[in-house]
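Colleague: Sequence plus the predicted model coming up.
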Amino acid sequence: MLKKLDCDVSVATIFGASAVTCLYSLVIPGILSTGAKWLILKKGTGKGTNVFSSMVYNQLSTMLVLLIFGLGALAITNPSTLVLSDSKSHYLLPIVCVVLLVVVLLVSILLLNGRTGSKIITSFGYLLKPLPEKIRQKGLLTLDQIAFFTTVGTRFHLIIAAHIIITGVGGGVATYILAARCANITTIPTSAFIWLWALIFILGRIPISIANLGVREATLMGLLSIYGVEKSQALLLSMVLFSSIVFIAGIGLIYQFSLPSFFPDHKVTNLKV
């Protein structure tokens, strides 16, 4: 994504920036913590708007893929059969999920299509008119760069989607399954972990909690009770998941204070967010 906007960044720098972002997620709520990654990559490339545009495309692509997989898994798993006695009501949740899935697919096609996507994205420029000239020009440049991703072709979008499926969906679900085993939770079907992971990840993007603490616990304890999981087990599952965040944050701490050479042209110890 960064290379598409002429940003030459090493894999080590991106990994380090991601780890540092995880570190800052322990003190900065939700998606706001990604500002640390933007700042590091901006200083490493000297192209702040290019980096920001790439990050917007990345977040949008990730959300769309997770919504598609999450809604599909929720429709197939259909946990409403476990809580609703009326058999006719069992079809309501799958129908809603399928309708939402169609909407998400249509939105994805419209946004990522070269003909419609660029027009939709650049139309947001009208919202920038009341802003000062300098800010408006920066905003328009960012929108143009985001719109550029609508012209990269279907193959590029499929490659990005494949990466998200393998690393995001596959890795995330595998983490949940392993964490569930640690918490001795064996009553949940594998497909249920897909929509659970997607839901908690999306909720984690909302800047209402630190490292998704509180939101993740409430979500897991409430939804896993459908499958007969005790609250203590759900809480243990959440703590195991949180420990993985702390582990990556620890790597981020090492990057920030001990390995500044991984971040070109600046010292990460001076990072301010």
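Modeller: Sure thing, it's come through.
Colleague: remind me which residues of the chain are low pLDDT?
Modeller: 259-273 (pLDDT under 70).
Colleague: Can you show me the helices along it?
Modeller: Using DSSP state H, the helices assigned to the chain run over residues 11-24, 35-45, 48-77, 92-112, 114-122, 133-148, 154-163, 171-182, 190-205, 215-224, 231-258.
Colleague: would you list those in JSON lines and tack on distance to Val83?
Modeller: (Each C-beta comes from the backbone N, C-alpha and C, glycine too.) Formatted as JSON lines, these follow (distance: least, C-beta to C-beta, whole Å):
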{"stretch": "helix 11-24", "distance to Val83": "35"}
{"stretch": "helix 35-45", "distance to Val83": "40"}
{"stretch": "helix 48-77", "distance to Val83": "13"}
{"stretch": "helix 92-112", "distance to Val83": "10"}
{"stretch": "helix 114-122", "distance to Val83": "39"}
{"stretch": "helix 133-148", "distance to Val83": "41"}
{"stretch": "helix 154-163", "distance to Val83": "33"}
{"stretch": "helix 171-182", "distance to Val83": "20"}
{"stretch": "helix 190-205", "distance to Val83": "13"}
{"stretch": "helix 215-224", "distance to Val83": "11"}
{"stretch": "helix 231-258", "distance to Val83": "16"}
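Colleague: Would you format these as a markdown table with distance to Ser85 and mean neighbour count included?
Modeller: Below are the helices of the chain laid out as a markdown table (distance: least, C-beta to C-beta, whole Å; neighbours: other C-beta atoms under 10 Å):
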| stretch | distance to Ser85 | mean neighbour count |
| --- | --- | --- |
| helix 11-24 | 44 | 20 |
| helix 35-45 | 48 | 21 |
| helix 48-77 | 18 | 20 |
| helix 92-112 | 13 | 15 |
| helix 114-122 | 44 | 15 |
| helix 133-148 | 48 | 16 |
| helix 154-163 | 39 | 14 |
| helix 171-182 | 27 | 17 |
| helix 190-205 | 20 | 20 |
| helix 215-224 | 19 | 19 |
| helix 231-258 | 23 | 17 |
